[in-house]
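predicted structure and sequence below. I'll ask about it afterward.
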Amino acid sequence: MENKKLMALMVLGAVALISLIYGIVTPSKARQRAQAARKEAAAAPRPAVEPIKVLVAEERYPKRGSYSEWGKSPFVMSHESQDKLTRSALVLGGIAWDAISPKAVINDSIVVVGDEIEGRKVVAIHPGNVILTDGEKEIQLGLEPTENKKK
């Protein structure tokens, strides 16, 4: 029985070895097709290269309208829009000054340096004002002066 198992194992090993050698030596069909395509491409005459055409600006970019139907250019900010951006809806309610971690009350929210409120980041908190930035402009919010009433 052992001789039969050994003989079957040897036959299977030989078949596997022959199959392996056949796979290495014989190119695959895809490789044969690629080699044939390369040979055809090398044998075919190449077309002449056309000179590069220089495009005039009018050919490349069509003339744009003047946005007359809109009444204004969408790329230019009006004075009203600029005024709205500079006017801030942020109200400084108070400052709790501490040299290590100062805090401020803006629009009923407590903020510290690095916090963001209404799209603006708190840059610095000083005893009398808070500096915010929107990435382009800095805005300074100051405390309203209080009157000391003497009785």
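That came in fine, so what should we check first?

Provide the secondary structure category for residue 104.
Counting by DSSP: H, G, I helix; E, B strand; the rest coil, the backbone at residue 104 sits in strand.

quickly find the element holding residue 10.
helix 2-25 (DSSP states H and E).

domain-wise, how is this structure divided?
Listed by automatic domain parsing, the domain ranges of the chain are 2-43, 88-142.

which residues in the chain form strands?
Remark: strands assigned in the chain by DSSP state E are 92-96, 103-106, 109-111, 116-117, 120-125, 129-133, 138-142.

residue 20: which of those is closest?
Closest approach to residue 20 among these (Cβ to Cβ): strand 116-117, 65.7 Å. Bear in mind the C-beta positions are built from the backbone N, C-alpha and C, glycine included.

list of residues touching that closest one?
With contacts defined as Cβ atoms under 8 Å, 6 or more residues apart in numbering, strand 116-117 is touched by 90, 106-107, 109, 111, 122, 132.

list the neighbouring strands of that strand plus their orientation.
Neighbouring strands of strand 116-117 in its sheet, by DSSP bridges, are strand 120-125 (antiparallel).

buried stuff in the strand it pairs with?
The neighbour-count check on strand 120-125 (16 or more other Cβ atoms under 10 Å) flags 120, 122, 125 as buried.

are any of the contacts of strand 116-117 buried, and which?
106, 111, 122, 132.

need these in TSV (columns: pLDDT and distance to residue 13).
Output for the buried ones among the contacts of strand 116-117, formatted as TSV (pLDDT from 0 to 100; distance: Cβ to Cβ, whole Å):
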residue	pLDDT	distance to residue 13
106	89	82
111	92	78
122	93	77
132	92	80
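
pull the most distant pair out of these.
Maximum distance among the buried ones among the contacts of strand 116-117 (Cβ to Cβ): 9.1 Å, for 111 and 132.

overlap in contacts of these two?
Joint contacts of residue 111 and residue 132 (Cβ under 8 Å, 6+ apart) are 117, 122.
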